[in-house]
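Chemist: Kindly return the folded structure for what I paste below:
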Amino acid sequence: MFTNVCFCLGLKMVQVAEGCPKHSVLICVLFISGKSKEAEIKRINKELANIRSKFKGDKALDGYSKKKYVCKLLFIFLLGHDIDFGHMEAVNLLSSNRYTEKQIGYLFISVLVNSNSELIRLINNAIKNDLASRNPTFMGLALHCIANVGSREMAEAFAGEIPKILVAGDTMDSVKQSAALCLLRLYRTSPDLVPMGDWTSRVVHLLNDQHLGVVTAATSLITTLAQKNPEEFKTSVSLAVSRLSRIVTSASTDLQDYTYYFVPAPWLSVKLLRLLQCYPPPEDPAVRGRLTECLETILNKAQEPPKSKKVQHSNAKNAVLFEAISLIIHHDSEPNLLVRACNQLGQFLQHRETNLRYLALESMCTLASSEFSHEAVKTHIETVINALKTERDVSVRQRAVDLLYAMCDRSNAQQIVAEMLNYLETADYSIREEIVLKVAILAEKYAVDYTWYVDTILNLIRIAGDYVSEEVWYRVIQIVINRDDVQGYAAKTVFEALQAPACHENLVKVGGYILGEFGNLIAGDPRSSPLIQFNLLHSKFHLCSVPTRALLLSTYIKFVNLFPEIKTTIQDVLRSDSQLKNADVELQQRAVEYLRLSTIASTDILATVLEEMPPFPERESSILAKLKKKKGPGTVTDLEEIKKERSSDMNGSAEPASVNASAVSTPSPSADLLGLGAAPVTNSAPPPSSSGSLLVDVFSDSASAVAPLAPGSDDNFASPDLASSEVVSEEPADTVHDADELFHKFVCKNNGVLFENQLLQIGLKSEFRQNLGRMFIFYGNKTSTQFLNFTPTVICSDDLQSSLNLQTKPVDPTVDGGAQVQQVVNIECVSDFMEAPILNIQFRYGGTFQNLSVKLPITLNKFFQPTEMSSQDFFQRWKQLSNPKQEVQNIFKAKHPMDAEITKAKIIGFGSALLEEVDPNPANFVGAGIIHTKTTQIGCLLRLEPNLQAQMYRLTLRTSKEAVSQRLCELLSEQF
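Modeler: Purely as a prediction, here's the structure:
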């Protein structure tokens, strides 16, 4: 509609509408060539007066004159001057049968007419006439005007008409394109006014249209509609795959009109790939196979030499590639594609283009959370570390930090933490706090030797003390208190760190607290005698803030109990005027009370009042809660984190943690979802601080924490919170979404996304030990609209209720747009069971009742405890279970690639111990374990024999109970 008419006079460039009269072009030149701003305004006012007189004159203006003057007004407006007349003349131009006159009229209306204008009715009548004219040019102008104005009044007037034009058989291709984009605009501004009807099924078939322009416009429309109404447009998946297949397999010469620098239809390819990301992987094997072929072809083309050296070629090619990788990550179901995508992204990590490096790092962060591609991502660790050191762009360095955090596990934790600490010294101030939180989380999560953890946190405080939040130093204190084996080392290390001339205040806080509790463990060394410890801490006193001074006063009174020999020295400090007459009430009160306590209390009373802090109850790290809050609390993206699943995190991992006496007395500082690491402690308290509570229980939806489970406790399921929500025994909903596929997906893992559509995402995070378990169900609202009357219910059959004791906590019935809520399910296995509970979810979305059900992956193997056995013991027990009713055998075809490492991981994830060098045939896999229920324990032995040539497996299970053998065999067979 526009042609560029450039006037270089006065260093200004002007864009003039096509069809503008010569007089208009002349006046444009006159405007711009004015010698000053005042001269220009004077010239414009003169012309406006002339135009106004023409419009009010007695002589009627012909169409050409109206067009000329309306065009001048339009240009004056574009120069930045107000126009308050001429609107009616522009509306009159709409009734003209001449293209140029109608074009200027529509252009004026699109730019100058407000959506609340009184002329909207007249404009709507003119648009209706043009839409009914069947003249493709006039229809195009009318549709463009509707899209440009996009007011609610226009949506009410035309939302029902435009779909009819779009799907009509006699509509020209150019009009279909305009109609699709116009409808998209109206849907975005007023979605409630665009009715879903018969046209929705017909618009999907536009994906098969011969004109690629129509397909491109229709794909944009369908993608937006599918995000809100996925079921209405589910049939678009197969058509999108078919169209994508034709594009990626075609040569650039086949689509000449839509080939951009040797890349066939790149924009359409990207839109189709985005449309497919609105849905889970296709259920039809043929469609799924064809889609896999498309994605493989895109990855293969990325490896081919470029057909052009121009940047447009590489941009178009990479746009399609990255969107394909996004789809692969979204589906998270094809290990080969995920690994290939990771390798392809790895090649971009050292690319000269900054944008490609950024996108590669960002995509690899997501890939690192997939169990299939995590190991492949780890192979690029050196490249990512190098990027952290040498990258100039701060945004790329931040993505490198995110990727290192995502790829971290026990095998590389110390290396990654060390590199992040090195980077922290020179990191940009804007991201230092986030790096500190990530280092603290990784150091805690993957600490095998807790002396390393203490060293890391103290080093963290030294390097970036200003960015170490209270959550971080609270957490290190909690872990030191909870672990007897690290207390002496922590006291010695923090004492040495405090000897530096300049110490950060957070280090003084940590030192004061730890020495106050465990300073006696190093007091035997003359270099760290009680008096030296006290003098060292007191030398920092005058440099600290009031909260830290208050903490140090508490340390001093602790010293009175630990070291009676320095009691007089401490009392002199407490008795000084600087303490007893301190202007701060908190410090004054502490000094008075502590002095009085040390004076009148007996030794026994002091020992009782100032006894060592008891262990803290185990909850999820408050540091992780702070990081989630920093990234954005309550967002659906938090659910993606629970996709991160390692073989080492599976139930019954390769290195099962042994439960012994020391583990009970010093529970693990890592998050224990069950609270089974130790008996709950009720009399613990946070470190003294004016900042409030020590820990945030992110797994609790109220101020009170979830009651921990303890083995053998009769009250595990009797808490008042849990009693309010009973497990309902009733028939499940008619449809259970992807029941078998989702059910078997979780047999060998405990965390992940259970269900996802365009409205709702359901994630699971669970842990099992012996016959007890706890499952956290996360419900994420993916829309911007509230879910009302949100009611999730766990449904068990009568038989299952007698075997499985489930208790659920209620959830908030309102889920805000973009937010997530969680539900806790406590589980007790009473006896062996065959079925699985059903999770039924009902809610209202946009006035529509939604009802869906999925199988909850609570299976018998979750209550496995791995058992290590020698070869002799294994085969002796194998022979004892030789009764035909105790053995179940299944010979089946391999459904997945027969990879030994993956097979090992799945057997370990299944729950049994993987016994090495037991079977005479080293290619076979054997395992052993015990199923724990409340009433009995059932021993289980398994043997898996792969036949690589025939691509077959033979699985044999022997247990003391036939039904258990049969059920375990069914579950495990589906994994290979």
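
Chemist: hey, C-alpha coordinates of stretch 451-466 in PDB?
Modeler: In PDB, the C-alpha atoms belonging to stretch 451-466 read as follows (Å, rounded to 0.1, in the frame of the first residue of the first chain):
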ATOM      1  CA  THR A 451      34.100 -30.700  55.100                       C
ATOM      2  CA  TRP A 452      34.100 -29.700  51.400                       C
ATOM      3  CA  TYR A 453      30.700 -28.100  51.800                       C
ATOM      4  CA  VAL A 454      31.900 -26.000  54.800                       C
ATOM      5  CA  ASP A 455      35.000 -24.900  52.900                       C
ATOM      6  CA  THR A 456      32.800 -23.900  49.900                       C
ATOM      7  CA  ILE A 457      30.300 -21.800  51.800                       C
ATOM      8  CA  LEU A 458      33.100 -20.000  53.800                       C
ATOM      9  CA  ASN A 459      34.900 -19.300  50.500                       C
ATOM     10  CA  LEU A 460      31.600 -18.100  49.100                       C
ATOM     11  CA  ILE A 461      31.200 -15.700  52.000                       C
ATOM     12  CA  ARG A 462      34.800 -14.500  51.500                       C
ATOM     13  CA  ILE A 463      34.400 -13.800  47.800                       C
ATOM     14  CA  ALA A 464      30.800 -12.400  47.700                       C
ATOM     15  CA  GLY A 465      29.800 -11.800  51.200                       C
ATOM     16  CA  ASP A 466      27.500  -8.900  50.300                       C
END
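
Chemist: in it, what counts as buried?
Modeler: 452-465 (16 or more other C-beta atoms under 10 Å). C-beta coordinates here come from the backbone N, C-alpha and C atoms, glycine included.

Chemist: repeat for stretch 76-88
Modeler: If you call a residue buried by 16+ other C-beta under 10 Å, then stretch 76-88 has these buried ones: 76, 78, 83, 86-87.

Chemist: and which of the residues you listed is nearest H896?
Modeler: Nearest to H896 out of the buried residues of stretch 76-88 is L78 (C-beta to C-beta; 62.7 Å).

Chemist: Would you map the helices across the stretch 851-976 of the chain?
Modeler: In the stretch 851-976 of the chain, the helices defined using DSSP state H, counting those that start in this stretch lie at 871-880, 900-910, 962-973.

Chemist: Tell me which of the ones you listed sits nearest to L404.
Modeler: For L404, the closest of the helices of the stretch 851-976 of the chain is helix 900-910, at 23.3 Å, according to C-beta to C-beta.

Chemist: sorry, back to before: please produce CSV containing the helices of the stretch 851-976 of the chain, extended by mean neighbour count.
Modeler: Output for these, formatted as CSV (neighbours: other C-beta atoms under 10 Å):
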stretch, mean neighbour count
helix 871-880, 14
helix 900-910, 20
helix 962-973, 20
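
Chemist: and Y446, which of the ones you listed is closest to it?
Modeler: Closest to Y446 of the helices of the stretch 851-976 of the chain, according to C-beta to C-beta: helix 900-910, at 18.6 Å.

Chemist: Would you mind checking the average pLDDT for the closest one?
Modeler: Summarised as a single mean, pLDDT over helix 900-910 is 84.

Chemist: Might you calculate how far that helix sits from the centre of the chain?
Modeler: Between the centre of helix 900-910 and the centre of its chain there are 27 Å (C-alpha atoms, centre = their mean, to the nearest Å).

Chemist: what does stretch 403-412 give?
Modeler: Here stretch 403-412 is found 17 Å from its chain centre; the criterion is C-alpha atoms, centre = their mean.

Chemist: go on, stretch 536-551?
Modeler: That offset, for stretch 536-551, works out to 41 Å (C-alpha atoms, centre = their mean).

Chemist: Might you list the low-confidence residue ranges for this structure?
Modeler: For the chain, the stretches flagged by pLDDT under 70 are 1-35, 58, 115, 252-254, 256, 618-743.

Chemist: hmm, 80 instead?
Modeler: Where the chain drops to pLDDT under 80, the residues are 1-35, 57-60, 113-118, 197-198, 250-257, 616-745, 846-847, 882-885.

Chemist: hmm, back to that, go through the helices of the stretch 851-976 of the chain and name the closest to A49.
Modeler: Checking these against A49 by C-beta to C-beta gives helix 900-910 as the closest, at 82.8 Å.

Chemist: Check which helices and strands the closest one sits against.
Modeler: When contacts are defined as 3 or more C-beta pairs under 8 Å, 6 or more residues apart in numbering; DSSP states H and E, helix 900-910 sits against strand 913-915, strand 925-932, strand 937-947, helix 962-973.

Chemist: can you pull out the helices in the stretch 1-150 of the chain?
Modeler: Under the criterion DSSP H, counting those that start in this stretch, helices of the stretch 1-150 of the chain are mapped to 22-32, 37-56, 63-78, 87-93, 99-112, 120-132, 136-149.

Chemist: Make JSON lines from those and add distance to R340 to it.
Modeler: Shown next, in JSON lines, are the helices of the stretch 1-150 of the chain (distance: least, C-beta to C-beta, whole Å):
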{"stretch": "helix 22-32", "distance to R340": "57"}
{"stretch": "helix 37-56", "distance to R340": "62"}
{"stretch": "helix 63-78", "distance to R340": "51"}
{"stretch": "helix 87-93", "distance to R340": "57"}
{"stretch": "helix 99-112", "distance to R340": "47"}
{"stretch": "helix 120-132", "distance to R340": "49"}
{"stretch": "helix 136-149", "distance to R340": "41"}
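
Chemist: burial count for R288?
Modeler: R288 is flanked by 17 other residues according to other C-beta atoms under 10 Å.

Chemist: do the same with K809
Modeler: Residues near K809, counting by other C-beta under 10 Å, number 20.

Chemist: and the residue nearest to it when sequence neighbours are not counted, helix, strand or coil?
Modeler: Distances taken as C-beta to C-beta, 6 or more residues apart in numbering place V824 nearest to K809, at 4.5 Å, with adjacent residues excluded. Three-state assignment for V824 (DSSP: H, G, I helix; E, B strand; the rest coil): strand.

Chemist: Pull up the gap between V824 and K879, please.
Modeler: V824 sits 44 Å away from K879, going by C-beta to C-beta, to the nearest Å.

Chemist: now do S326
Modeler: 54 Å.

Chemist: Put together CSV for the helices of the stretch 851-976 of the chain, with distance to L800 on each row.
Modeler: As requested, the helices of the stretch 851-976 of the chain are exported to CSV (distance: least, C-beta to C-beta, whole Å):
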stretch, distance to L800
helix 871-880, 30
helix 900-910, 21
helix 962-973, 13
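
Chemist: Which among the ones you listed is found nearest to K492?
Modeler: Closest to K492 of the helices of the stretch 851-976 of the chain is helix 900-910 (C-beta to C-beta; 38.5 Å).

Chemist: quick check: angle from that closest one to strand 937-947?
Modeler: Put simply, helix 900-910 runs at 170 degrees to strand 937-947, going by axes from the mean of the first three to the mean of the last three C-alpha atoms, to 10 degrees.
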